[in-house]
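Engineer: here is the input, now give the coordinates:
(chains A and B)
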Amino acid sequence: MLTSIKTNEFAGSESKKLAMMYFRVAIILFGAQLLMGLIAAIQFLAPGFLFEVFDFNVARMVHINALVVWMLYAMIGSVYYLLPDEAGVETVGVGLGKLAFWVLTAAVTVVVLVYIFIQVGPGKESTIWLINEGREYIEAPRWADIGIVVVVLIFYWNVFATYMKGKQTGILTVLVADLLALAGLYLAGMFFTDNISMDQYWWWWVIHLWVEATWEVFVGSLAAYGLIKIIGAKREIVEMWLWIEVLMLFGSGILGLGHHYFWIGTPEYWWEIGALFSALEPVPLVAMFVHVLYDWGKEQGKAKAEGKEGAVMNNGPAMAWIVTNAFGNFLGAGIWGFFHTLPQVNIYTHGTQFTAAHGHLAFFGAYATILIGMMYLGVQGAYGIEKLRATFKSKMAIFLITFGVIGMTIALTIAGYEQVLVERAELGGGWSAFFTAQNLPWYVQAQMWRTIMGVVTFVGFVYLVWDLLTIGKQAKQGAKAA
Amino acid sequence: MANENASVWTSIRFWRRSAAWVTGFAVILLIWLTFDTLGQISMGTDADLQKAVAEKKENKRVPAPTVINYHIDYKMDTRRGHEVPVIGAKEPFFGKEWSPKEAAALLHLGKLTSQAKNCMNCHTLLGNGAYYAPDLTKAWIDPAWQKGGPMQAMTGKNTVEEAMAEFLQHPSQYPTHARMMPNLGITAEEAKGLVAFLKHMSSIDTNGFPRNFSKTVDQFKTGGTNAH
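Structural biologist: Residues are numbered from 1 along each chain as shown, chains lettered A, B, ... in the order given. Purely as a prediction, here's the structure:
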């Protein structure tokens, strides 16, 4: 992937080159996310580790920020990649897009360095403007927020102008509408208030309406593009499904926001609204899963009927990741979310490792998977490979990462279960109840397994990077030899 | 698919329109509910608070900053079926009564400090944040910090607010568990602000979260072991 910038055969698409630039930074930040996660996991077991040097709050902040930012990078990259294909014209303003890329990357670098070396500041406005805003997931200081808005506006302009100039496919129509909502929502997280309930009310507009609404629709669009590109699925069917998915995702996800409003000072009616709509959130995820597998089977069957031999897909690793996405989205976001979405359950599970278990499997299953799939599509395009087959490294990467994340999720679920029963139900959730539960041998064991599974995930990540760096060249040489 | 004579169920146009209508409806409903909720969770005034205390009525869901001048409890409400904050008689906070202006300034400093020190990436606030350290929603009324509780005893102070402020300034001097709070350079003023922020948060009506918290308090009062 690194060399692809020199060797790419994108048939003159600067937009796709820009996509690869975004993918490269994304994968670096993915690595940073995993390393920070490992530090935080170790601190659960050995609290003295890096104490007062690199504390849990710093490791955890970089862990979740790197997650959000690498996903945004990979999402922007994915859009720049598919835009010329879908619109049928080169992206408008790629030069400006490249400038925005460098501005964003410089800003992200400064923010991360400040997080790591300055960490916290005095209780003044200047701290939230310059160091960090102290609000989970959107900790970026205000100056960076403004920078992000500018960069996103440039990106959005490029997408919109290209859409207007080229073919207006269903996939692009959904993307153009979805990205506008996604970008606009960020503004809801950019103000300060003394009222913590008000603070969290708007904070959830960003977090929830991103990950449980606009990001999901985004993934639906990527899967639609991927299916057409990889297995040659029929556009009409794929786009019809996409609209059904939009209907169900927004129909459940927008008001599903209510499940974050059970306990933050907001009125009781959110119990019913949040419970009803968030309980429906898994439905579109089942639909997406069925759709991907159905289309795959259908295209494979059609090819067989036409007397064609072998697999119908032209990118093995990308397809494997997209199928993992279909399943992981349903399992991580759908099932694990549903576990604790009803207020009757959530009053005990809210703020325990249960949430962490759901968070790990959902972010991985719903987003990491398909974005990695897009990177494999990028590599295929960069080297102009007709049929990209999975290597041993591709298989190790997908197996170890998936196994590791599922392992972490199970371990955290067990830890959460322990916390719910002992800390919350039995002891009432006070200060000492918290520590009693944290010190239970079963809880500690679960944290140990989480760390081991974190290491497994990291080894898988090493295979993934290694594969992305070599698979293109290898396939190219294989094709030449043949 | 695009054939109008085929079933409506396979018509892209039908699904596109349905998606737009459903999304539009959900957005409008959310905006409407948001207006209602914002009215209910806006911070009350000192006059609201005085009236509610005098008439023993329910407070605004998020009371005025001057709530720091009152005793705050968290008790089972049989009508609502869960615990609710109960604002009682006046009590001094750091040895004095705070005017509305002073209380607001102190809460502002506290909320700002809670963000500047990144509290949320170890603790949970209203149940949201990280899960490395205890939830702070009702920390103010936690038995560990009350008279006779281990946290207050350790700091050698006589009131909850002084004990908390002392701990916040020198957390690693008071090792409570293997997992400790790091020294974040919190000043005496910032610590006061943080305690005001915590006391104010404990007065917010959270629909009974955390559940059973008052059980811990009751057990502690009757000599139970939960606080140790």
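
Engineer: pLDDT below threshold where in chain B?
Structural biologist: The model of chain B has pLDDT under 70 over residues B:1-5, B:220-221, B:223-228.

Engineer: show me the domain layout of it.
Structural biologist: Recorded structural domains for chain B (assignment: automatic domain parsing) are B:8-39, B:42-221.

Engineer: what sits up against stretch B:106-117?
Structural biologist: With contacts defined as Cβ atoms under 8 Å, 6 or more residues apart in numbering or on different chains, stretch B:106-117 is touched by A:120-125, A:127-128, A:131-135, A:192-194, A:196, A:199, B:65, B:68, B:98, B:120, B:125, B:184, B:186, B:189-190, B:192-198, B:200. Bear in mind the C-beta positions are built from the backbone N, C-alpha and C, glycine included.

Engineer: those residues in strands, which ones?
Structural biologist: Among these, the members falling in strands (DSSP state E) are residue B:125.

Engineer: pretty sure residue A:141 contacts residue A:110?
Structural biologist: No - using Cβ atoms under 8 Å, residue A:141 is not in contact with residue A:110; the gap is 9.5 Å.

Engineer: who has more neighbours, these two?
Structural biologist: Comparing residue A:141 with residue A:110 by other Cβ atoms under 10 Å in any protein chain shown, the one with more neighbours is residue A:141, at 22 against 14.

Engineer: for the chain, longest helix please?
Structural biologist: Since you didn't name a chain, this refers to chain A. In chain A, with assignment by DSSP state H, the single longest helix is helix A:441-481.

Engineer: let me rephrase: I mean chain B.
Structural biologist: Under DSSP H, chain B gives helix B:12-41 as its longest helix.

Engineer: which parts of the stretch 101-250 of chain A are helices?
Structural biologist: With helices called from DSSP state H, counting those that start in this stretch, the stretch 101-250 of chain A shows them at A:125-130, A:142-165, A:170-185, A:196-209, A:215-231, A:235-256.

Engineer: tilt between the longest helix of chain B and helix A:196-209?
Structural biologist: Following axes from the mean of the first three to the mean of the last three Cα atoms, to 10 degrees, one obtains 170 degrees for the angle between helix B:12-41 and helix A:196-209.

Engineer: next, count neighbours for the closest residue to residue A:122 other than its chain neighbours.
Structural biologist: Once flanking residues are discounted, residue A:122 sits nearest to residue B:116: 6.2 Å by Cβ to Cβ, 6 or more residues apart in numbering or on different chains. Applying other Cβ under 10 Å, we find 25 other residues in the vicinity of residue B:116.

Engineer: also residue B:90?
Structural biologist: Neighbourhood size, residue B:90 [other Cβ under 10 Å]: 12.

Engineer: so what's it up against?
Structural biologist: For residue B:90, the set of contacting residues under the criterion of Cβ under 8 Å, 6+ apart consists of B:69, B:70, B:71, B:97.

Engineer: residue A:271 too?
Structural biologist: Residues in contact with residue A:271, defined by Cβ under 8 Å, 6+ apart, are A:258, A:262, A:343, B:207.

Engineer: likewise for residue A:223?
Structural biologist: Counting by Cβ under 8 Å, 6+ apart, residue A:223 has contacts A:288, A:291, A:292, A:322, A:325, A:326, A:370.

Engineer: of all these, which comes closest to residue B:44?
Structural biologist: In terms of Cβ to Cβ, no member of these lies closer to residue B:44 than residue A:288, at 44.9 Å.

Engineer: nearest spatial neighbour of residue A:21, chain-adjacent residues omitted?
Structural biologist: residue A:101 (5.6 Å).

Engineer: with residue A:187 instead?
Structural biologist: Here the nearest residue to residue A:187 in space, its sequence neighbours aside, is residue A:149; by Cβ to Cβ, 6+ apart that works out to 7.2 Å.

Engineer: does residue A:289 belong to a helix or a strand, and which?
Structural biologist: If you go by DSSP states H and E, residue A:289 is part of helix A:282-305.

Engineer: relative to helix A:215-231, how tilted is the next helix or strand after that helix?
Structural biologist: Downstream of helix A:282-305, the first helix or strand assigned by DSSP H and E is helix A:316-328. Angle between the axes of helix A:316-328 and helix A:215-231 is 140 degrees (criterion: the same axes, to 10 degrees).

Engineer: and for helix A:316-328, what's in contact with it?
Structural biologist: Outside helix A:316-328, the residues within contact range by Cβ under 8 Å, 6+ apart are A:219, A:223, A:226-227, A:230-231, A:288-289, A:291-293, A:296, A:313, A:361, A:364-366, A:369-370, A:372-374, A:376-377, A:380, A:388-390, A:394, A:398, A:402, A:467, A:471.

Engineer: try it again with 7 Å
Structural biologist: Defining contact as Cβ atoms under 7 Å, 6 or more residues apart in numbering or on different chains, one finds that helix A:316-328 is touched by A:223, A:226, A:230-231, A:288-289, A:292-293, A:313, A:361, A:364-366, A:369-370, A:372-373, A:376-377, A:388-390, A:394, A:398, A:402.

Engineer: turn the buried ones among the residues you listed into a named PyMOL selection, would you?
Structural biologist: When burial is assessed using 16 or more other Cβ atoms under 10 Å in any protein chain shown, the buried subset of the contacts of helix A:316-328 is captured in PyMOL by this command:
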select buried, chain A and resi 223+226+230+231+288+289+292+313+361+364+365+366+369+370+372+373+376+377+388+389+390+394+398+402
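
Engineer: now residue B:74: which helix or strand?
Structural biologist: In this structure, residue B:74 is located in strand B:70-77 according to DSSP H and E.

Engineer: and the contacts of stretch B:180-193?
Structural biologist: Counting by Cβ under 7 Å, 6+ apart, stretch B:180-193 makes contact with A:47, A:51-52, A:55, A:120, A:123, B:94, B:106, B:109-110, B:113, B:117, B:133, B:165, B:168-172, B:194, all of which sit outside it.

Engineer: then stretch B:152-168?
Structural biologist: Contacts of stretch B:152-168 (Cβ under 7 Å, 6+ apart): B:93-94, B:140, B:145-146, B:151, B:174, B:186, B:191-192, B:194-195, B:198.

Engineer: closest to residue A:442 among the residues you listed?
Structural biologist: For residue A:442, the nearest member of these is residue B:151. The distance, counting by Cβ to Cβ, is 26.1 Å.

Engineer: burial of that closest one, as a residue count?
Structural biologist: 23.

Engineer: with residue B:99 instead?
Structural biologist: Once other Cβ under 10 Å is used to define contacts, residue B:99 is seen to have 12 neighbours.

Engineer: try the one 10 residues further on
Structural biologist: Using other Cβ under 10 Å, residue B:109 is surrounded by 23 other residues.
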